[in-house]
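> Here's my sequence, what's the structure:
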Amino acid sequence: MYLFDTDIITNILKKRPSPFLIKQLASIPKAQQFISTITVSEIVYGSMKSGRPDYHLKNLEEILIPAVNIASFNTSAAYICGNLQARLEKQGTPLALADLEIAAIALARDFTLISGNQKHFAGISELRLENWLV
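Residues are numbered from 1 along each chain as shown. Got it, this is the predicted structure:
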């Protein structure tokens, strides 16, 4: 099972998405493709800040959400997130809350996180992480 970070989703919506990403997506059944509620929030936020919020929200609602499964931030993810946040802060490598929440959802559900932001997640050794934007 795969959880797609926000940068992966926004790449899909570009005029020229990553060919490798498109190939990988085509090889995985929809039942194994997930985005998080955190990614939905980030896309809504970006849409509202853009010059074309209605266009981007329509793409989200009519194209993206019907094409993937949604993984929620639940209690298990909340415990993992809190532990990760404390550990990373103690190590001197804090991570933005949205990234922590996305990583925690992936860990709680035993998903592989697909992200082009490898550096963001480098301090989470237990996270299975792949970059499909190469």
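> which residues does Gly116 contact?
Contacts for Gly116 (Cβ atoms under 8 Å, 6 or more residues apart in numbering) come out as Asp5, Asp7, Ile8, Asn11, Asn131, Trp132, Leu133. Quick note: C-beta positions are derived from backbone N, CA and C, even for glycine.
> got JSON lines for these, with distance to Tyr55 and secondary structure too?
Putting the contacts of Gly116 into JSON lines (distance: Cβ to Cβ, whole Å; DSSP: H, G, I helix; E, B strand; the rest coil) gives the following:
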{"residue": "Asp5", "distance to Tyr55": "22", "secondary structure": "coil"}
{"residue": "Asp7", "distance to Tyr55": "20", "secondary structure": "helix"}
{"residue": "Ile8", "distance to Tyr55": "20", "secondary structure": "helix"}
{"residue": "Asn11", "distance to Tyr55": "17", "secondary structure": "helix"}
{"residue": "Asn131", "distance to Tyr55": "28", "secondary structure": "coil"}
{"residue": "Trp132", "distance to Tyr55": "25", "secondary structure": "coil"}
{"residue": "Leu133", "distance to Tyr55": "23", "secondary structure": "coil"}
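> most neighbours, which of those?
Counting by other Cβ atoms under 10 Å, Asp5 has the largest number of neighbours within the contacts of Gly116, with 28 neighbours.
> With Gly116 as the reference, measure out to that residue.
7 Å (Cβ to Cβ, to the nearest Å).
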